[in-house]
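Asks: Okay, here's the prediction I keep looking at, along with the sequence it came from:
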Amino acid sequence: MTPTLLIVDDEKATRDGLRAALDEDFDVFTASSHEEAMAVLKADPVDLLLTDLRLGGDSGMEILDDALALPKPPVAIMMTAYGSVDTAVEAMRRGAWHFVTKPLNLDEVEMLLRRAMRSRQLESENRQLREQVPDPAGIGRLTGKSPAILRVVDTVKQVAPTRATVLIEGESGTGKEVVAHAVHQLSGRPADKMVIVHCAALSPQLLESELFGHEKGAFTGAAQRRIGRFEQADGGTLFLDEIGEIDSATQVKLLRALSERTIERVGSNTPVKVDVRVVAATNRDLATMVEAGDFREDLFFRLNVVRISMPPLRERREDVVLLAAGFLREFAEENGRPVKPLSDEAAALLRRYDWPGNVRELRTAIEHGVVMSNDPLIEVRHLPDFLRGGGLPTGVADGGKMALAGAPEFNLHALETRAIQAALAHAEGNRTRAAELLGISRRTLQRKLKEFDESSPGGEPTP
């Protein structure tokens, strides 16, 4: 279908000249005033609006405001004299797609109109994609249409209304906490009764107190009784993130809490009954940890009543652009910018990349693109450099496992060290981010770095 274009200018020569230049590619309507323009726009939706900023006694800005308030607004481009560029920029802040300066270059005008129409088509495609994705009540953040994510959605819907403990596995950044929220939201438990504990962020003593609370005087610094997270979550859901990082003593107490639905505060022998739905998450292989003696088998069985495996983003590439569309809207709103779609080239680049940091890394990349783009589309040049440069070195993108084919001998410690060095460099020294890229916890990374410090006179993680 031929796109429709409304040209608004109070100079007849300009209107007629533009019509003659563009009527082969567009169905062209013209207007000379605010009133005439709105009559055309209200009679039938128009794809594109090309309006002058100054129209004798009328203002193109008013036309812009009224046109964008319509149920099906056009993509608007402002025409302005050189001296009015600042005003045109203000028009873009109010929703104009772009502006072009007078005297007009017809090739530039035609190019802008074609790009504006492509932008409209991309927005329509993104909207259609979103409408194709099932959105079960309460789990709208589980975005995707891939078979892998739809299996997750089905499992969440099945298990959420029960009391069963859920174990969510997956690489860092895949959205395990999003799944936990979805389970809680569909559980029927009070919406404000979800308590989150990041197990790797606390020392063993602090974690025990955090989970189960303590009595006054239970240890040095315990000046008063503290209610733990189990009691805070009574009647609701307790989400234990990075469950694989808890120490053996806390594992014993956690097993009892799951088995008997009672806890004891640190420094007390009095059992406290709790009604808590436990959801746990890990980026580690707990079954392997059980075999190695690093995790209790009986606790693993208690946690692993229903297992949900979150797929890495590289295994659900058909979801990448759909996820990106949601982040584009989110960050445009946060930064006071118009929502801009991805160019075809940028979308293709996002689909090709392996995303070692998964959805969390995609989110960061899209925020970068929104902030850096002053154009109508998010182009490849607006995305982070690592996307164009191929990402992390081999070995970091797959959690530190480096290809050894053809190497007759190797030093495992040296390979591990190089993977950590590469991750730290890519994360610009941010240890939390580096741990996510490597697929390990921050606590594990800290331990590795300490080992490097002890083995290296320079204090650097070197082979």
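Replies: Sure thing, it's come through.
Asks: So, low pLDDT: which residues of the stretch 251-400 of the chain?
Replies: Confidence mapping of the stretch 251-400 of the chain against pLDDT under 70 gives the ranges 389-400.
Asks: can you tell me which residues contact the residue lying closest to Arg363 once chain neighbours are set aside?
Replies: Closest residue to Arg363 in three dimensions, ignoring its sequence neighbours and counting by CB to CB, 6 or more residues apart in numbering: Phe327, at 5.3 Å. Every residue, glycine included, has its C-beta placed from N, CA and C. If you count contacts by CB atoms under 8 Å, 6 or more residues apart in numbering, Phe327 has them with Leu362, Arg363, Ile366, Glu367.
Asks: Can you lay out those residues as a markdown table showing neighbour count, secondary structure and distance to Gly429?
Replies: Rendered in a markdown table, the data for those read as follows (neighbours: other CB atoms under 10 Å; DSSP: H, G, I helix; E, B strand; the rest coil; distance: CB to CB, whole Å):
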| residue | neighbour count | secondary structure | distance to Gly429 |
| --- | --- | --- | --- |
| Leu362 | 22 | helix | 22 |
| Arg363 | 18 | helix | 20 |
| Ile366 | 27 | helix | 23 |
| Glu367 | 17 | helix | 20 |
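Asks: secondary structure class for Arg151?
Replies: With DSSP: H, G, I helix; E, B strand; the rest coil as the basis, Arg151 sits in helix.
Asks: picking up where we left off before, can you say which helix or strand has the residue nearest to Arg363 in it?
Replies: Counting by DSSP states H and E, the element that carries Phe327 is helix 320-334.
Asks: and the gap between the most centrally placed residue in the chain and Val109?
Replies: Closest residue to the average C-alpha location of the chain: Arg363 at 3.6 Å, with CA atoms, centre = their mean. For Arg363, the distance to Val109 (CB to CB, to the nearest Å) stands at 36 Å.
Asks: again with Leu349
Replies: Taking CB to CB as the measure, Leu349 and Val109 are separated by 29 Å.
Asks: do the same with Val166
Replies: The gap separating Val166 from Val109 is 57 Å, by CB to CB.
Asks: So which of the two has more stuff around it?
Replies: Neighbours were tallied for Val166 and for Val109 using other CB atoms under 10 Å; the higher tally belongs to Val166 (26 against 18).
Asks: and that one, bridged to which residues?
Replies: Beta-bridge partners for Val166, by DSSP bridges, are Val279, Val306.
Asks: Would you check that it makes contact with Val183?
Replies: Yes. Proximity of Val166 to Val183 meets the contact threshold set by CB atoms under 8 Å, at 5.8 Å.
Asks: What number of residues are in the vicinity of Glu245?
Replies: 24.
Asks: Next up, the contacts around it.
Replies: Cys199, Ala200, Ser441, Arg443, Thr444.
Asks: Surely the first one is in contact with Asp247?
Replies: No. Proximity of Cys199 to Asp247 does not meet the contact threshold set by CB under 8 Å, at 9.6 Å.
Asks: what's the overlap in contacts for those two?
Replies: Taking CB under 8 Å, 6+ apart as the contact criterion, the residues that touch both Cys199 and Asp247 are Leu207.
Asks: Which one of the two is surrounded by more residues?
Replies: Using other CB under 10 Å as the criterion, Cys199 and Asp247 rank with Cys199 on top: 24 against 13.
Asks: Just want to check the distance between the more buried one and Val290.
Replies: As it turns out, when the distance is counted by CB to CB, Cys199 lies 17 Å from Val290.
Asks: Domain parsing of this structure, as residue ranges.
Replies: The domain map for the chain lists 4-131, 147-311, 314-391, 393-463, with the assignment taken from automatic domain parsing.
Asks: In helices, which of the contacts of Glu245 fall?
Replies: Secondary structure defined by DSSP state H assigns Arg443, Thr444 of the contacts of Glu245 to helices.
Asks: what's the lowest-pLDDT member of the contacts of Glu245?
Replies: For these, the minimum pLDDT belongs to Ser441; the value there is 67.
Asks: Which residues in stretch 106-122 does the neighbour count mark as buried?
Replies: Along stretch 106-122, the positions that meet the burial threshold by neighbour count (16 or more other CB atoms under 10 Å) are Val109, Leu112, Leu113, Arg115, Ala116, Met117, Arg118, Ser119, Arg120, Leu122.
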